[in-house]
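J.: let me see the structure of the following:
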Amino acid sequence: MWYTFRRAGHRFKKNEWEKNSCFIGIEDPMRILLIQPRCSAELSEEVFMHEPLALEYLGTGLKLDGHEVAIIDARIDHDIEGAFKRFDPQVAGITGYTNQVPIIKGIAAQLKTINPDVFIVVGGHHATVMPHDFNETYVDLVVIGEGCEAMRQIVGRLEHGRNLDDLKGLGIPGAEMRFTEKRIHPELDSLPVPDRSLTERYRNHYFNEWLKPLASIRTSLGCTSRCSFCALWAITDGKYLRRSPDSVVEELKSIKEQNVFFCDDESMCDVRRMKVLADKIRESGLQKKFFLYARVDTIIGYPDLFRQWRDIGLTQVFVGMESFSDQRLQGLNKGITTEEQAKAVKILDELGVLLYANFIIDPAFSREDFRELVKYVRALDLKYASFSVLTPLPGTAMYRERESELMTRRNEMFDFMHTVLPTAMPLKEFYAELACLYENALPARHRLAILRKYGWVRAARLMLKLPYLMAKVKKAYMDYGGDTA
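T.: Numbering: from 1, shown residues only. Okay, the predicted model is just below:
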């Protein structure tokens, strides 16, 4: 197999991966196209669309090495083929989650058809936990784990015609996928500050419900908890990685948007660090609105920390409440109780910080369970609540425990809206109850208050879409085809 790269009218050849080695030859700085694929779940892009921060990290590192980089966000700009032909890259990098696997494969196959010589690298969450899923002829390399340093090293080797086999954290497609030595995630402060100019033309499109435009920042990675349905702590081998407060403040100063989402897996794990960071943000004079993740036990254990953050701009906190039952919470290894949930709600409510609660819908729910959840949400007087169907994602303890129960293995169904586990109720009735939950969990006064946050123009558009969105939920049982037969 030979690969040919064309640049400025010249031809550069990449040798076959001779004797089962991954080897390539090329000259000059390269053009790299990084692709954020659309989401398989249409409903999710009505609720949030965060900037492709991982690709911005990759692009920044590659630009520092002198390469030409472009990002296409296919959630907004659907013309991947046009962008590919205009930019004419030698390397294309594609990222994504489990539900995006078919989309990623489709993009890779499409690009190889347009230009068989393009070198295609796939990375991201699913590539890390299930790299074998990308063992395809149209994928040249799979990055497992952290991608910023890996991509710089890969492109550097491609540029100078050096072997790739000794790079860590790679899956090499072939008759059988081969793997190089595991890559340990680097310290976060060693990574470059993401270059947001790479997504400048898209930035007004990034949002989370009413927070628009919205920037994202990562200040930590991993989590100290061990929830059975979550793979995030496993990806960092159970470590909780942190950035220094000074580096976070410097990056915040470079962000133009007023609304900033902390896309950490759990922002408040290290209380001392977050107190220092809050002090430094206050001293810097930054005036922004912050949205971050936090656990119930952190909120009730350190209410003064949330008061401190409220005073510097914290407006809402995403909290995984998960269930209305202590027994179910224990089964999820969540480590909290319903009594503690109620305390957390009271603390944030008194601070004037919106508690953005999320609950997990168990496929084993009965009609009574749906009713009990509605009662529970209303009893807590939650101002906002969202709901996700229990999904044993690849890479989690729950997936290993319940893999044999899966009624579908289609990746696109792992989107937290479809159930991949058998339901206690007939599927059609399950989705009817789920739609009813969305419609009735919050009292009218809270729904109206939420709509006001959108502003009347966006609220009106959302109201027009709601009947369509609810119809999609009710008809979700039709998406399985013969999978459940």
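J.: C-alpha from now on. contacts and neighbour counts both.
T.: Fine.
J.: quick check on residue 328: phi, psi?
T.: Torsion angles at residue 328 (phi, psi; degrees, to the nearest 10) stand at phi -70, psi -40.
J.: I should have written residue 296 there, sorry.
T.: phi -60, psi -50.
J.: measure it to residue 35 for me?
T.: As judged by Cα to Cα, to the nearest Å, residue 296 and residue 35 stand 36 Å apart.
J.: gap between the one helix or strand residue 402 maps to and the chain center?
T.: Assessed by DSSP states H and E, residue 402 sits inside helix 397-402. Offset of helix 397-402 from its chain centre (Cα atoms, centre = their mean, to the nearest Å): 20 Å.
J.: with stretch 164-172 instead?
T.: Worked out by Cα atoms, centre = their mean, stretch 164-172 lies 24 Å from the chain centre.
J.: same check on stretch 405-420?
T.: 17 Å.
J.: residue 200 - how many residues pack around it?
T.: By other Cα atoms under 10 Å, 10 other residues sit near residue 200.
J.: name the SS class of it, please.
T.: Judged by DSSP: H, G, I helix; E, B strand; the rest coil, the three-state class of residue 200 is helix.
J.: got a pLDDT number for it?
T.: As predicted, residue 200 sits at a pLDDT of 98.
J.: what's it in contact with, if anything?
T.: Shown in contact with residue 200 (Cα atoms under 8 Å, 6 or more residues apart in numbering): no residues.
J.: what distance do you get for it to residue 98?
T.: Distance from residue 200 to residue 98, by Cα to Cα: 27 Å.
J.: poorly predicted segments of the chain, please.
T.: 1-27, 41-43, 224-237, 482-485 (pLDDT under 70).
J.: show me the domain layout of it.
T.: The chain resolves into domains spanning 3-179, 206-479 when parsed by automatic domain parsing.
J.: distance to residue 191 and mean neighbour count for those domains - can I get that in TSV?
T.: What follows is those, written out as TSV (distance: least, Cα to Cα, whole Å; neighbours: other Cα atoms under 10 Å):
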stretch	distance to residue 191	mean neighbour count
domain 3-179	7	19
domain 206-479	10	17
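J.: distance to residue 193 for those domains - can I get that in TSV?
T.: Shown next, in TSV, are those (distance: least, Cα to Cα, whole Å):
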stretch	distance to residue 193
domain 3-179	7
domain 206-479	7
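J.: any idea which of those domains gets closest to residue 195?
T.: With Cα to Cα as the measure, domain 3-179 is the member of those nearest residue 195 (5.4 Å).
J.: list the contacts for the residue nearest to the spatial centre of the chain?
T.: The residue lying closest to the centre of the chain (Cα atoms, centre = their mean) is residue 97, at 7.0 Å. Applying Cα under 8 Å, 6+ apart to residue 97 gives the contacts 124, 125, 126.
J.: report the separation between it and residue 141.
T.: Distance of residue 97 to residue 141, given as Cα to Cα: 17 Å.
J.: gap between stretch 192-201 and the chain center?
T.: 18 Å.
J.: and stretch 110-129, by the same measure?
T.: 19 Å.
J.: ok, now stretch 204-216?
T.: In terms of Cα atoms, centre = their mean, the centre of stretch 204-216 is found 15 Å from the chain centre.
J.: check stretch 159-167 too.
T.: How far stretch 159-167 lies from its chain's middle: 30 Å, per Cα atoms, centre = their mean.
J.: now do stretch 415-425
T.: 20 Å.
J.: same check, this time on stretch 164-175
T.: The answer for stretch 164-175 is 25 Å, by Cα atoms, centre = their mean.
J.: for stretch 463-478, same thing?
T.: On Cα atoms, centre = their mean, the centre of stretch 463-478 falls 24 Å from the chain's centre.
J.: and stretch 304-320, by the same measure?
T.: Counting by Cα atoms, centre = their mean, stretch 304-320 comes out at 22 Å from the chain centroid.
J.: swap in stretch 300-312?
T.: For stretch 300-312, the distance to the chain centre is 26 Å (Cα atoms, centre = their mean).
J.: ok, now stretch 272-282?
T.: Chain-centre distance of stretch 272-282: 26 Å, with Cα atoms, centre = their mean.
J.: same check on stretch 87-99?
T.: 16 Å.
J.: what about that stretch, start to end distance?
T.: Termini of stretch 87-99 sit 27 Å apart (Cα to Cα).
J.: cool, stretch 406-421 as well?
T.: 5 Å.
J.: what do you get for stretch 244-260?
T.: 18 Å.
J.: ditto for stretch 176-184
T.: 24 Å.
J.: report the distance from the longest helix anywhere in the chain to the chain centre.
T.: As assigned by DSSP state H, the longest helix anywhere in the chain is helix 456-474. Mean-position distance between helix 456-474 and its chain equals 24 Å (Cα atoms, centre = their mean).
J.: let the chain start at 176 from now.
T.: New numbering, starting at 176: the last item is helix 631-649.
J.: residues in contact with it?
T.: 218, 592, 603, 606, 607, 609, 610, 626, 627.
J.: in helices, which of these appear?
T.: 603, 606, 607, 609, 610, 626, 627.
J.: a markdown table please, covering these and showing distance to residue 281.
T.: Compiled in a markdown table, the ones in helices among the contacts of helix 631-649 are given as follows (distance: Cα to Cα, whole Å):
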| residue | distance to residue 281 |
| --- | --- |
| 603 | 30 |
| 606 | 29 |
| 607 | 32 |
| 609 | 31 |
| 610 | 31 |
| 626 | 37 |
| 627 | 40 |
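J.: which of the contacts of helix 631-649 sit farthest apart?
T.: Longest span within the contacts of helix 631-649, Cα to Cα: 603 and 627, 32.9 Å.
J.: distance between the ends of stretch 329-347?
T.: Stretch 329-347: ends 12 Å apart by Cα to Cα.
J.: go ahead and confirm residue 323 touches residue 366.
T.: Yes. Residue 323 lies in contact with residue 366 (Cα atoms under 8 Å); the separation is 7.5 Å.
J.: shared neighbours, these two?
T.: In contact with both residue 323 and residue 366: residue 232, using Cα under 8 Å, 6+ apart.
J.: strands along the stretch 176-325 of the chain, start to end?
T.: Using DSSP state E, counting those that start in this stretch, the strands of the stretch 176-325 of the chain run over residues 178-182, 185-189, 206-211, 223-224, 243-248, 266-269, 294-297, 316-318.
J.: out of those strands, nearest to residue 558?
T.: The closest of the strands of the stretch 176-325 of the chain to residue 558 is strand 223-224. By Cα to Cα, the value is 18.1 Å.
J.: on that earlier part again, now render the contacts of residue 272 as JSON lines, adding distance to residue 550.
T.: Converted to JSON lines, the contacts of residue 272 look like this (distance: Cα to Cα, whole Å):
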{"residue": "299", "distance to residue 550": "38"}
{"residue": "300", "distance to residue 550": "36"}
{"residue": "301", "distance to residue 550": "36"}
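J.: the residues you listed in helices, which ones?
T.: 300, 301.
J.: for residue 342, give me its contacts.
T.: Neighbour list for residue 342: 325, 328, 329, 355, 356 [criterion: Cα under 8 Å, 6+ apart].
J.: pull the contacting residues for the residue nearest to residue 577 when sequence neighbours are not counted.
T.: Distances taken as Cα to Cα, 6 or more residues apart in numbering place residue 567 nearest to residue 577, at 7.4 Å, with adjacent residues excluded. Applying Cα under 8 Å, 6+ apart to residue 567 gives the contacts 404, 573, 574, 577, 578.
J.: what secondary structure does residue 567 sit in?
T.: coil.
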